[in-house]
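Participant: model the structure of this input:
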Amino acid sequence: MLLLLVGIARAAIPNARLRGMPSLHKLPVPERYFTSSNDATLPNISTVYHFDQLIDHNNPGLGTFKQRYWMDWEFYESGGPIILMTPGEVNGDDYAGYTTNDTINGLIAQQQNGAAVLIEHRFFGFSNPYDNLTSQSLALLTVQQAIDDLVYFATTADLPMPGGDAVKPSQAPWILVGGSYSGALASYTMVNKPGIFWAGYISSGTVQTITDYYDYFTPIREYMPQNCSSDVQKVIAYLDGMYAANDIAGIKTLQEAFGLGSLEHVDDFASALQDNFWDWQGLSPDSGPNTMFYQFCDALEVKDGINAGPDGWGLDNAVNSWGKFWNTTYYEYSTIVPRDCLETYNPTDIYWTNITVDNAFRSWSWMVCNQIGFYQVGPPEGQPAIVSRILQPIYDERQCVYMFPEVFAYPPQPATAETNAMYAGWNVDVPRLFFANGLRDPWRGGTVSADGLNKPNTTRMPIYMSDGFHTSDMVADNGIVDPTIRVVQEAALRYMKEWLAEWTPGHS
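Facilitator: From the prediction side, this is the model:
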């Protein structure tokens, strides 16, 4: 089975911070059937199942809601493991491919004769306890409730496959898989509820929640073309210098070069300039020069067919070229309307007030504002900057008030310290938990492979690093393109084989 990796779709989203969500790449599957070894026709891989999940694990009397999930038991044989994953903060419809052997989930299932399950996260997609996303409803969207969902599913669900009523964690080994936020959630689950999942695989898992997450841009700055980085830094330093000098006229002239002269607030303009860097997160090992991020850098650094040297062409060319790129290419690509979609100071805008379900940005904002943080801001003074230091956490915290005025009278500081204390963060120490990270991943600073952390790689809890991007190691074909990813995938399969050989019934 060969699937193409589908990049993150772009849309007109006024809050630029949310375009840097720690999300998996989409990986849908076509409408098709598989045939098992006994010639029984398997259900369509896109078939949606529903599980009666508890609305509130602290108050079971509230009843249940329908939580959606998908399955592939193409390789399943009695006694094999169940590989469980949630795609995290997204609608699950475009992620059913993570049950197939186009991914590490399915490769484990194929090697170990297991079945793969993908379950939609509560309050995302159409797995909602209520028919709205009001603050009152979202009170039940917490990390702990999401952990308890995974545990309750594993210990209660009768899976719709032969023998699926006899695969509880005491009867069959369960493996918890996750990438990005869902990887962090997998780590949190194995810390908080030991003994349910026998083993785990975590790709780019942002286990350490950080409020002031300027390190998002560090791997981008380090691995993007040097000439492009040099010129971007010049533009950002120019903007920040004018801001410090209160040069309102100069800032307005710079905004007009990008077609953004109508923006009233300079922090909205600084946020808009981040947009080109969200495209980095969607790159994969086989991303070619025609991807939008590299088109952006080529627009700045290729002049009359000549590439700039490592120092770039300089400030004037960078401003003119970057602005021209926005006006001729980027607006059409991102569908941004400057006034309507980049202005964040109107609390009556429908973006803040839309409470309909399947609104991932609202649900994720709730988690960010309360527990997760990860505001992607400018770096401290003295560090190279490809994004403006005008952007600080207060820019995003203010938006929490706009979106949830019933809860926040003042800009809230997310409880990241409490989240890390509750679920171990960087201090995670769980047996049979495999971590995979990528050098080029902008979320690496929140993973166990963060710079300076130096967490040991042990046989108890292996930590492997590839040269990949965000969750690159989860896609099987990336191991063909990049040998460093293949090493990670092969190591994971080796460990899973060893760990599953140690499992015995009744372990939990």
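Participant: for Ile251, which non-adjacent residue is closest in space?
Facilitator: Setting aside the residues directly before and after it, Ile251 is nearest to Met242 in space (CB to CB, 6 or more residues apart in numbering), at 5.1 Å. All C-beta spots, glycine's among them, are computed from the backbone N, C-alpha and C.
Participant: just to check, that neighbour is in contact with Gly250?
Facilitator: Yes: using CB atoms under 8 Å, Met242 is in contact with Gly250, at 4.4 Å.
Participant: ok, Lys234 - contacts?
Facilitator: For Lys234, the contacting residues are Gly312, Gly314, Leu315, Ala318, by CB atoms under 8 Å, 6 or more residues apart in numbering.
Participant: so what's the first one up against?
Facilitator: So that's Gly312. Counting by CB under 8 Å, 6+ apart, Gly312 has contacts Asn227, Cys228, Ser230, Asp231, Lys234, Leu300, Glu301, Ala318.
Participant: if I look at the nearest residue to the third one once chain neighbours are set aside, how far off is Val302?
Facilitator: Put plainly, it is Ser230. Nearest residue to Ser230, sequence neighbours excluded (CB to CB, 6+ apart): Gly312, at 4.1 Å. For Gly312, the distance to Val302 equals 11 Å [CB to CB, to the nearest Å].
Participant: about what we covered before: more neighbours: which of Met242 and Gly250?
Facilitator: Set side by side, Met242 and Gly250 show more neighbours around Met242, with 18 against 15, by other CB atoms under 10 Å.
Participant: can you confirm that one is in a helix?
Facilitator: Yes: under DSSP: H, G, I helix; E, B strand; the rest coil, Met242 sits within a helix.
Participant: so what pLDDT did it get?
Facilitator: Predicted confidence (pLDDT) for Met242: 98.
Participant: OK, contacts around it?
Facilitator: The contact partners of Met242, by CB under 8 Å, 6+ apart, come to Gly250, Ile251, Leu254.
Participant: after the worst-scoring helix or strand of the chain on mean pLDDT, which helix or strand is next?
Facilitator: Counting by mean pLDDT, DSSP states H and E, the weakest-scoring helix or strand in the chain turns out to be helix 338-342, with a mean of 66. Once helix 338-342 ends, the next helix or strand along the chain (criterion: DSSP states H and E) is helix 350-353.
Participant: my read is that Arg460 contacts Val428, right?
Facilitator: No: the pair formed by Arg460 and Val428 falls short of the contact definition of CB under 8 Å, at 11.5 Å.
Participant: looking at the two, which one has more neighbours?
Facilitator: When neighbours are counted by other CB under 10 Å, Val428 comes out ahead of the other of Arg460 and Val428, with 21 against 11.
Participant: phi, psi for that one please.
Facilitator: In terms of degrees, to the nearest 10, the main-chain angles of Val428 are phi -50, psi 140.
Participant: thought Thr447 was touching it, still the case?
Facilitator: No: checked against CB under 8 Å, the pair Val428 and Thr447 is beyond contact range at 10.4 Å.
Participant: who touches both of the two?
Facilitator: Joint contacts of Val428 and Thr447 (CB under 8 Å, 6+ apart) are Val207.
Participant: which residue ranges form the strands in this structure?
Facilitator: Using DSSP state E, the strands assigned to the chain run over residues 49-54, 64-72, 82-85, 115-119, 174-179, 199-203, 302-303, 306-307, 433-438, 463-466.
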